[in-house]
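In: Let's see this in three dimensions:
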Amino acid sequence: MLQLQKHLLPFHRSASPIHLSLHRALLSAAAAASPAHFAVEDYLVTTCGLTEEQAAKAAKFISHCKSPSNADAVLAFLAGPALGLSKADIALLVSHDPRILNCSVEKTLRVRVDGFLSHGFTAAQIRSFVRRVPLVFRSFNINEKLGFWMPFLGSPEKFLLVVRRNFYLVTSDLDKVIKTNIQLLRESGLSVRDIAKMCVANPRLLTSNPNSVKAILVRADELGVPRNSLMFRQAVGSVAGLGRETMAAKLKFMGETLGWSDAEVSRAVKMSPVLLRCSREKLQRVSEFLTKVVGVDAKYILGRPTILMYSLERRLAPRHYVMKVLLEKGLMRKDQSFYTMVTVGDELFRSRYINSHKDVLPGLADAYTSACKGEIPA
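Out: Numbers count the residues shown, from 1 in each chain. The predicted structure is shown next:
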């Protein structure tokens, strides 16, 4: 354009109307021949839905683009029938991975969607994956990762459940981290099925550094739960989120709260390793309810430590209310075990302790339902 202006300058100086007209025509033609400027940041804000701050950070990854044509095609595919991403989904995806706007729809994006579909995912499940880990949608090694996780976990639903709890599942090295941890757990006597179940409940167990997993297994051993036993899986899951000092502090608090000796605490945890997941507040509230309201002693609890894990509001208090009413009406033996009443399922509990007395106590069912909602009758 500059060179053109230099050539036209003498004509412009002559101020001839014909020359001026020619000058304007040539400038107009030169401008038409130049590609329109692609305002990247504006496009990211107005078309992709990013904030100005997000657009400023993302712009550098697509600043080389001379036109929005490829980005438009990508957005149309993302919002189209194959995926059906919402505007919010697209904004989330582009803000985390702006390079996706540079992708080929046919060679990259459609291939990725087809890869998910081939492993049993629906479009809705692919959208869930995008929302949880937008950063890796474009780069996720579908055949390698899903080829491993689908047989291991069994379904896209479980895979997405685990990913929602720990997105490192899709970024961790399969051989150096995931498979190494699985092998360590198998060597401790856990089956692949056990490990898969543990992964759903505690996915960090598989994505942690293998040395950390070794330390977890040592702490589980220290609880005295035999390997190859059904309880060992509970032991591993219970200590997985606890450091050595935290675990020691929990055991000490348990002994002080319930008046148990170290040996008794060890015995209780060996019987029910899940006690280690119980918060201090819950342990104190439940133990006080059992000893002061129900009237059982610490020895009674020691023989049935799992009773400490039940919800005070949704199970212990409502069922104790029913027990108290039945005792007052002479409809229950005085030596009835509260623990038995607590451990049975809700349907059996209602059938055995409520419905069987509906003629004598017609309001008991409603009172129990209210109690389960936290409305304990006076």
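In: Show residues contacting stretch 333-347.
Out: 294, 296, 304, 306-307, 310, 315-316, 319-320, 322-323, 327, 349, 352-353 (C-beta atoms under 8 Å, 6 or more residues apart in numbering). Yep, even glycine has a C-beta here, placed from its N, CA and C like the rest.
In: what about it, distance to the chain center?
Out: 35 Å (C-alpha atoms, centre = their mean, to the nearest Å).
In: Return the set of buried residues in that stretch.
Out: For stretch 333-347, a neighbour-count test (16 or more other C-beta atoms under 10 Å) marks Phe338, Tyr339, Met341, Val342, Thr343 as buried.
In: Out of those residues, which sit inside helices?
Out: Judged by DSSP state H, the buried residues of stretch 333-347 include Phe338, Tyr339, Met341, Val342, Thr343 as members of helices.
In: CA-only coordinates of stretch 355-367 in CSV, if you can.
Out: The C-alpha coordinates for stretch 355-367 follow below in CSV (Å, rounded to 0.1, in the frame of the first residue of the first chain):
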residue,chain,number,x,y,z
ASN,A,355,-46.4,-52.0,60.6
SER,A,356,-46.8,-54.9,62.9
HIS,A,357,-48.3,-52.5,65.5
LYS,A,358,-50.3,-50.2,63.2
ASP,A,359,-53.6,-51.3,64.8
VAL,A,360,-52.4,-50.3,68.2
LEU,A,361,-50.2,-47.4,67.2
PRO,A,362,-51.6,-46.0,63.9
GLY,A,363,-49.6,-42.8,64.1
LEU,A,364,-46.2,-44.4,64.7
ALA,A,365,-45.4,-44.7,60.9
ASP,A,366,-45.8,-41.0,60.4
ALA,A,367,-44.0,-40.1,63.6
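In: Distance from it to the middle of the chain?
Out: How far stretch 355-367 lies from its chain's middle: 42 Å, per C-alpha atoms, centre = their mean.
In: Please state the mean pLDDT value computed over that stretch.
Out: For stretch 355-367, the mean pLDDT works out to 92.
In: now do stretch 335-352
Out: The predicted model gives stretch 335-352 an average pLDDT of 94.
In: How far does that stretch stretch from one end to the other?
Out: Separation of the first and last residues of stretch 335-352 by C-alpha to C-alpha, to the nearest Å is 16 Å.
In: re the thing from before, between the contacts of stretch 333-347, which sits nearest Cys199?
Out: Nearest to Cys199 out of the contacts of stretch 333-347 is Thr306 (C-beta to C-beta; 23.6 Å).
In: Identify the residues contacting the closest one.
Out: Met271, Ser272, Val274, Thr343.
In: Now the helix or strand Val162 falls within - C-alpha only, PDB.
Out: Here Val162 sits within helix 156-165, counting by DSSP states H and E. In PDB, the C-alpha atoms belonging to helix 156-165 read as follows (Å, rounded to 0.1, in the frame of the first residue of the first chain):
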ATOM      1  CA  PRO A 156     -18.600 -44.900  31.100                       C
ATOM      2  CA  GLU A 157     -20.800 -44.000  34.100                       C
ATOM      3  CA  LYS A 158     -18.200 -45.200  36.500                       C
ATOM      4  CA  PHE A 159     -15.400 -43.700  34.600                       C
ATOM      5  CA  LEU A 160     -17.100 -40.300  34.700                       C
ATOM      6  CA  LEU A 161     -17.900 -40.700  38.400                       C
ATOM      7  CA  VAL A 162     -14.200 -41.300  39.100                       C
ATOM      8  CA  VAL A 163     -13.100 -38.400  36.800                       C
ATOM      9  CA  ARG A 164     -15.400 -36.000  38.600                       C
ATOM     10  CA  ARG A 165     -13.700 -37.000  41.900                       C
END
